[in-house]
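> here is a sequence with its predicted model. Questions after.
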Amino acid sequence: MKTQYTFESNKFQSTLAEQDESHEDFINPGIYGRELANYLITELQVHKYRVCFHCPEDWGYWIEIEHDRGYTLGFGCSNIDHVDPNINLNLHRVFVTPDKSVIRPMKHWFRKVNVHKDVEKLVATIGTILSCDEQISNIALESI
């Protein structure tokens, strides 16, 4: 399944807390995602999604979507560190999990659960949010 967006934008910067090694929001040097996470959380609420949990991770920011299907539906977001001096815009990624159509969730280890519709809907909604924002460009959807 294609569940990862990459795109360019200067709309999402690192926050002061993400740059401060003594702050709980510090992730890793040069890695950030809070502004993008907050933006997507706000926009997803407009589309009737509710967030039940979010936190910084060592690779960016993690967000879980509230639902009653018995598995974790969520997404991560972060910047993509690049070295190309010809690129003036910041690169970012958003990836949805699960990234497979059928999974075996921890609560139902011996049972397969088809999650395709839920994942596909979340991926499409995130794609709509990104593509409707004029400050976001070069959006690509790809497999992880």
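Okay, I see it.
> hey, where'd the strands end up in the chain?
Ranges of strands in the chain, per DSSP state E, are 2-8, 51-57, 60-65, 73-80, 91-97, 102-103, 113-114, 137-143.
> mind putting these into a markdown table with mean pLDDT and mean neighbour count?
Glycine gets a C-beta too; all of them are placed from N, C-alpha and C. Rendered in a markdown table, the data for the strands of the chain read as follows (pLDDT from 0 to 100; neighbours: other Cβ atoms under 10 Å):
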| stretch | mean pLDDT | mean neighbour count |
| --- | --- | --- |
| strand 2-8 | 96 | 19 |
| strand 51-57 | 94 | 15 |
| strand 60-65 | 96 | 21 |
| strand 73-80 | 95 | 21 |
| strand 91-97 | 96 | 22 |
| strand 102-103 | 90 | 14 |
| strand 113-114 | 88 | 14 |
| strand 137-143 | 96 | 12 |
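> dump the ones you listed to a markdown table, plus distance to E35.
A markdown table is the format used below for those (distance: least, Cβ to Cβ, whole Å):
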| stretch | distance to E35 |
| --- | --- |
| strand 2-8 | 14 |
| strand 51-57 | 12 |
| strand 60-65 | 9 |
| strand 73-80 | 9 |
| strand 91-97 | 10 |
| strand 102-103 | 30 |
| strand 113-114 | 33 |
| strand 137-143 | 17 |
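> check the gap between G127 and P29 for me.
Distance from G127 to P29, counting by Cβ to Cβ, to the nearest Å: 30 Å.
> those two: which has the busier surroundings?
G127 (16 against 8; other Cβ atoms under 10 Å).
> so who does that one touch?
Y5, I139, L141 (Cβ atoms under 8 Å, 6 or more residues apart in numbering).
> tell me how far G74 lies from V102.
Distance, G74 to V102, using Cβ to Cβ: 17 Å.
> check T3 too.
As judged by Cβ to Cβ, T3 and V102 stand 14 Å apart.
> and G33, by the same measure?
G33 is 28 Å from V102, by Cβ to Cβ.
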